[in-house]
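# Could you work out the structure for the sequence below:
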Amino acid sequence: MRVLLVEDDYLLGDAIQAGLRRDALTVDWIRDGGQADAALATTAYELVVLDLGLPGLDGMELLKRVRSRRSHLPVLILTARDTVADRVAGLDAGADDYLVKPFDLTELTARIRALLRRLHARSQPLITYRELIIAPATREVTNAGNRVDLSAKEYAILLKLIECRGTAVSREQLEETLYGWNEEIESNAVEVHIHHLRKKLGAELIKTLRGIGYVVRKD
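Next up, the predicted model:
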């Protein structure tokens, strides 16, 4: 899952980015509201974590621009503006959640998981597919009752394909899920991760659609 973090405080942004990456999220971190607006116009994100007091373009104005494009992208406001009026204004402007600084990183990641569940129309904290069970809160994966150890990128690919089951996902889409702006993409990395997933979870789980991409069939 690829997340855009818009936060101008360097120490806080660095800590949030590291914490989200530990949750196997790909994070692009921007410190300027105008640059974030440009990124949202060119990159497919699944969620935005948005500070309000930003240089270049205020966070509230950025949020209004996102919603004016009729985007359903989940947005979590993360700010020091803590009055009831501030929270009401943020939610009424289109935010899906509002977390006041200072905060605990575990609460932030829990709120992100909740928003992603809503995005994918899931009410349950566990993702189940046949004999496969995925626990996003702990990144634990079991298959037929047996725990399966996956690398962070293997886990990210599996989660993407399971969430999109029944729909083909191209290699380029998987690369966008796996790699942020400053990460080098190896030419055959996706194929290697798919190969490892098939060895660990069974050859029939992920189908290759030649010239199109990969798919996990609907159950």
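
# hey, let's count contacts and neighbours off CA atoms from now on
Noted.

# In this structure, which helix is the longest?
Under DSSP state H, the helix in the chain containing the largest number of residues is helix 105-119.

# Which secondary structure elements does that helix sit against?
helix 10-22 (3 or more CA pairs under 8 Å, 6 or more residues apart in numbering; DSSP states H and E).

# give the contact list for residue 147.
The neighbours of residue 147, taking CA atoms under 8 Å, 6 or more residues apart in numbering as the test, are 140-141.

# If we use 10 Å, what do you get?
The neighbours of residue 147, taking CA atoms under 10 Å, 6 or more residues apart in numbering as the test, are 132-133, 140-141.

# In CSV, list those residues along with secondary structure and pLDDT.
As requested, those are exported to CSV (DSSP: H, G, I helix; E, B strand; the rest coil; pLDDT from 0 to 100):
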residue, secondary structure, pLDDT
132, strand, 95
133, strand, 96
140, strand, 94
141, strand, 96
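
# Which of these sits closest to residue 26?
residue 140 (18.1 Å; CA to CA).

# Surely residue 44 is within a strand?
No - judged by DSSP: H, G, I helix; E, B strand; the rest coil, residue 44 forms no part of a strand; its state is coil.

# quick one: it from residue 108, how far?
Residue 44 sits 21 Å away from residue 108, going by CA to CA, to the nearest Å.

# more crowded one of these two?
When neighbours are counted by other CA atoms under 10 Å, residue 44 and residue 108 differ, and residue 108 comes out ahead with 19 against 15.
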